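In: need coordinates for the following:
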Amino acid sequence: MKCINAYLKFAWINPEPQGVWQYRQSIGVIQQLVNQRMYPLTIEGLEEAMRLLPK
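Out: Numbers count the residues shown, from 1 in each chain. Predicted coordinates for the structure are as follows:
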């Protein structure tokens, strides 16, 4: 995936509820492609993603 090579710091924000991620094959594929840097579109998920980005 080009974004991984082009950007060292990134986070994938997923609007699907985190409880259904394990049942969606496409979400699993994307999680692998983005090295597990997927976060839910919630306040907590956004806060966690923002903590990751400055590192």
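
In: might you report the residue contacts of residue 13?
Out: Contact analysis of residue 13 by Cβ atoms under 8 Å, 6 or more residues apart in numbering lists 38, 39, 40, 41, 45, 46, 49. C-beta here means a position set from N, CA and C on the backbone, and glycine is covered the same way.

In: regarding it, what is its secondary structure?
Out: strand (DSSP: H, G, I helix; E, B strand; the rest coil).

In: list the beta-bridge partners for it.
Out: residue 39 (DSSP bridges).

In: how much space between residue 44 and residue 34?
Out: As judged by Cβ to Cβ, to the nearest Å, residue 44 and residue 34 stand 19 Å apart.

In: mind giving me the PyMOL command for buried ones among the contacts of residue 13?
Out: Only the buried members of the contacts of residue 13 enter the following PyMOL selection, criterion being 16 or more other Cβ atoms under 10 Å:
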select buried, resi 38+39+40+45+49
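
In: can you put the contacts of residue 13 in JSON lines and add distance to residue 28 and pLDDT?
Out: Output for these, formatted as JSON lines (distance: Cβ to Cβ, whole Å; pLDDT from 0 to 100):
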{"residue": "38", "distance to residue 28": "10", "pLDDT": "96"}
{"residue": "39", "distance to residue 28": "15", "pLDDT": "97"}
{"residue": "40", "distance to residue 28": "15", "pLDDT": "97"}
{"residue": "41", "distance to residue 28": "18", "pLDDT": "97"}
{"residue": "45", "distance to residue 28": "17", "pLDDT": "97"}
{"residue": "46", "distance to residue 28": "22", "pLDDT": "97"}
{"residue": "49", "distance to residue 28": "19", "pLDDT": "95"}
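
In: pLDDT score for residue 2?
Out: pLDDT recorded at residue 2 is 60.

In: repeat that for residue 16.
Out: Per-residue pLDDT puts residue 16 at 96.

In: that one sits in which helix or strand?
Out: If you go by DSSP states H and E, residue 16 is not part of any helix or strand.
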